[in-house]
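Novice: predicted model follows, preceded by the sequence.
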2 protein chains.
Amino acid sequence: MDTAADLIANRPVETGPAAELSQAADPKSPVALFGPDEPLATDAGVQISPFQIAYQTAGTLNADRSNAVLICHALTGDQHFAHTHPLTGKPGWWETLVGPGKPIDTDRYFVVCSNVIGSCMGSTGPASINPATGHPYGLDFPLVTIRDMVRAQAMLLDRLGIPDLFLCIGGSMGGMQVLQWAASFPDRVFAAMPIATGARHSAQNIAFHEVGRQAIMADPAWAEGRYLEAGTRPAKGLGVARMGAHITYLSEPALHRKFGRRFQGGSAPTFSFNADFQIESYLRHQGLSFVERFDANAYLYLTRAMDYFDLAADGGGVLANAFRGTKTRFCVMSFTSDWLFPTADSRAIVHALNAASAPVAFVEVESDKGHDAFLLDEPAMFSAARGFIDAAARARGL
Amino acid sequence: MDTAADLIANRPVETGPAAELSQAADPKSPVALFGPDEPLATDAGVQISPFQIAYQTAGTLNADRSNAVLICHALTGDQHFAHTHPLTGKPGWWETLVGPGKPIDTDRYFVVCSNVIGSCMGSTGPASINPATGHPYGLDFPLVTIRDMVRAQAMLLDRLGIPDLFLCIGGSMGGMQVLQWAASFPDRVFAAMPIATGARHSAQNIAFHEVGRQAIMADPAWAEGRYLEAGTRPAKGLGVARMGAHITYLSEPALHRKFGRRFQGGSAPTFSFNADFQIESYLRHQGLSFVERFDANAYLYLTRAMDYFDLAADGGGVLANAFRGTKTRFCVMSFTSDWLFPTADSRAIVHALNAASAPVAFVEVESDKGHDAFLLDEPAMFSAARGFIDAAARARGL
């Protein structure tokens, strides 16, 4: 733990115009700095240097350094998995699953979650200052991939003195990282739990992402990506992108149950373009609150990283090749009403893992909550996660 | 047919600034003009007057005036069901189904299709000149409903001397009009075929529409709806709206089959925000071509009309009440991969029709083409339509 504590103390404090321009500031998170001697070599063939990774931890690393859990966050998530969010004031996004006595028991495990490279909550991304120009990167930031995110996380673990992971877990884009961890660093992952994810992004998912990106880029305030210097913010475009994406995180039955066709404050239409229906008001709120906490260019970059993800492509089109010889034990989980990453996507992962002779459990949770079920109160998810993690802990001697 | 011919001759020719401003011009269609003595009384409680309805016909009305077919078009459709489109140069949108020897046989039936009120292909809508101001209506145009569209169609049929319809048919928003026809004018509809539609718009569908509207309204060129006077066009916003909507018209399997994860002109990502994937290029093209032919405000109005549609609400929440005592014979059709109007929506219609003792056939067509299947080459749809229409013709003595 000394290493992590050192890093907390070493948190850089930005000053001057860079700090004012940056939307990446998160004063609440420790940051690991990687200087010119430790560049991040990206899939795009360029190096990001210097760069920093913001993270949060919970629990205590044991003497054997064998109880580390890496939580990988989703597209618009961040490192505040079990801590009050510094911008929104909301509880950590996975407090349902992580904490004392919970399936990921912080009394037993040392839990780390870092903001992915390319994001905007303290890790280097397009809103960070480009050392070559002194201005925010904007679109000069290199495209990053899921594998680049994992590379940066591995460098963070090195820095924290964590040789390997007892467990790597995450949902959606986090699940993609879990799969990439298992593929890139099979010897550093004892157990892996990819949730509500896929080994590649489908055409439909790419399509939805592209609409969101076009909505952002259509906003004149986006200013070709240079909005921080222009003093503007593409709030409308980003809001529209979020509204559209949010629909895909839910399910038709959940929307029907929560909102149906209920009108706002009345039983009749106003014959206007006001938010007559509760679902409209809800969506507008989702769009508005999102732009308060997220950087538009980061949204472009992270959606692109998901689009590019195709773990089979690295193995000549055979997904099993990504996992050949692995000793990692897997638990793959999907939700029945998730149409963004439907069970078929998880099944393809399970088939590949079986073909690669990997130990794998497959849990399809019955839920009408759609893709976002992995963030919600789903007892069947918790009990399955607890069972898998407890069994892995016994096998690990924890 | 004299009446229709007269109307063709009476086609108004707009001149002056109004004509220049109007995006509603379609010089290829005859137009029925309804003057101050024939206002359209809308559900919103206001009158639209004067107004005009542009339409197209095919075939010949028989001496008994008993062979009329009304085709109702979908959200972004128009009256060019079996004629080359004057703006796009493409074939009529339902030439697959309508024509000599086709299921809707123009050698046997007189087929009418009118541009709905609120649209932009010659019928009065938000791009038309508001006689009270001499400027385009913009958002001063009254909100119209599916029932208002049907009211205007009924006035057109009166004008054309068509007492009742042998068949009323349409898909999607067109199917909503078919259901409304059967509910509003049961004695004027002998046979009805609502396809790929619902008796109400779901929360998810309202949500998708709301995202599209917000995309348009977020475009500064929209100018609070006064873009025609401002000399601008919210092309980016409308393009984004179309891109998002277009995804919902297809299916994940169809997108996978047509595009998969194939790259444009290569096998590797460019690590940029270019349209790397074929699906991105396709969507961008859909957005671009749409803004060439459609008015943004009309898109707002027609999506709103669909959102408001709830046939059961008019009958105290019981859909069957909309059809009590009807003598209309129905054929309800859905497509297995349509997730915008899934088969469950059609089943609800069929249940209500059965509860109302109406004769009803139910055809679920196996197809992976999604919602737009009703516009495509679907032999199973054609054969079912032919069987239903032929049997109805025999029953009608045609």
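Specialist: Good, I have the coordinates.
Novice: can you give me the helices in the stretch 101-250 of chain A?
Specialist: Assigned by DSSP state H, counting those that start in this stretch, the helices in the stretch 101-250 of chain A fall at A:146-160, A:173-184, A:203-218, A:227-230, A:235-249.
Novice: what would those helices look like in CSV with mean neighbour count and mean pLDDT?
Specialist: All C-beta atoms are positioned from the backbone trio N, CA, C, and that covers glycine. Output for those, formatted as CSV (neighbours: other Cβ atoms under 10 Å in any protein chain shown; pLDDT from 0 to 100):
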stretch, mean neighbour count, mean pLDDT
helix A:146-160, 22, 98
helix A:173-184, 27, 98
helix A:203-218, 25, 97
helix A:227-230, 18, 96
helix A:235-249, 26, 97
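Novice: those into TSV, with extra columns for distance to chain B?
Specialist: Output for the helices of the stretch 101-250 of chain A, formatted as TSV (distance: least, Cβ to the nearest Cβ, whole Å):
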stretch	distance to chain B
helix A:146-160	11
helix A:173-184	14
helix A:203-218	4
helix A:227-230	15
helix A:235-249	4
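Novice: tell me which parts of the stretch 1-150 of chain A are close to chain B?
Specialist: Residues of the stretch 1-150 of chain A found near chain B (Cβ under 8 Å from any Cβ of the partner chain) are A:43-45, A:139, A:142-143.
Novice: just the buried residues from those residues, in PyMOL please.
Specialist: Applying 16 or more other Cβ atoms under 10 Å in any protein chain shown to the residues of the stretch 1-150 of chain A next to chain B leaves a buried subset, and the PyMOL line that selects it is:
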select buried, chain A and resi 43+44+142+143
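Novice: for the closest residue to residue A:74 other than its chain neighbours, phi and psi?
Specialist: Distance criterion Cβ to Cβ, 6 or more residues apart in numbering or on different chains; nearest residue to residue A:74, sequence neighbours excluded, is residue A:172 at 4.1 Å. Note on residue A:172: its backbone torsions stand at phi 60, psi -120 [degrees, to the nearest 10].
Novice: pretty sure residue A:172 sits against residue A:201.
Specialist: No: in this structure residue A:172 lies outside contact range of residue A:201 using Cβ atoms under 8 Å: 10.8 Å.
Novice: domain-wise, how is chain A divided?
Specialist: As assigned by automatic domain parsing, chain A contains the domains A:2-201+A:311-396, A:205-304.
Novice: in CSV: those domains, plus distance to residue B:353.
Specialist: Below are the domains of chain A laid out as CSV (distance: least, Cβ to Cβ, whole Å):
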stretch, distance to residue B:353
domain A:2-201+A:311-396, 28
domain A:205-304, 21
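Novice: mean pLDDT lowest where, among these?
Specialist: Among those, domain A:2-201+A:311-396 carries the lowest mean pLDDT, a mean of 92.
Novice: closest one to residue B:133 out of the residues of the stretch 1-150 of chain A next to chain B, please.
Specialist: residue A:139 (44.0 Å; Cβ to Cβ).
Novice: residues touching the residue nearest to that closest one when sequence neighbours are not counted, list them.
Specialist: Using Cβ to Cβ, 6+ apart and skipping the chain neighbours, the partner closest in space to residue A:139 is residue A:225 (4.0 Å). When contacts are counted by Cβ atoms under 8 Å, 6 or more residues apart in numbering or on different chains, residue A:225 is found next to A:126, A:138-139, A:297, A:300.
Novice: residue A:300 too?
Specialist: A:126, A:213, A:216-217, A:225, B:273.
Novice: ok, now residue A:258?
Specialist: Residue A:258 neighbours (Cβ under 8 Å, 6+ apart): A:282, B:203.
Novice: for it, phi and psi?
Specialist: phi -80, psi -40.
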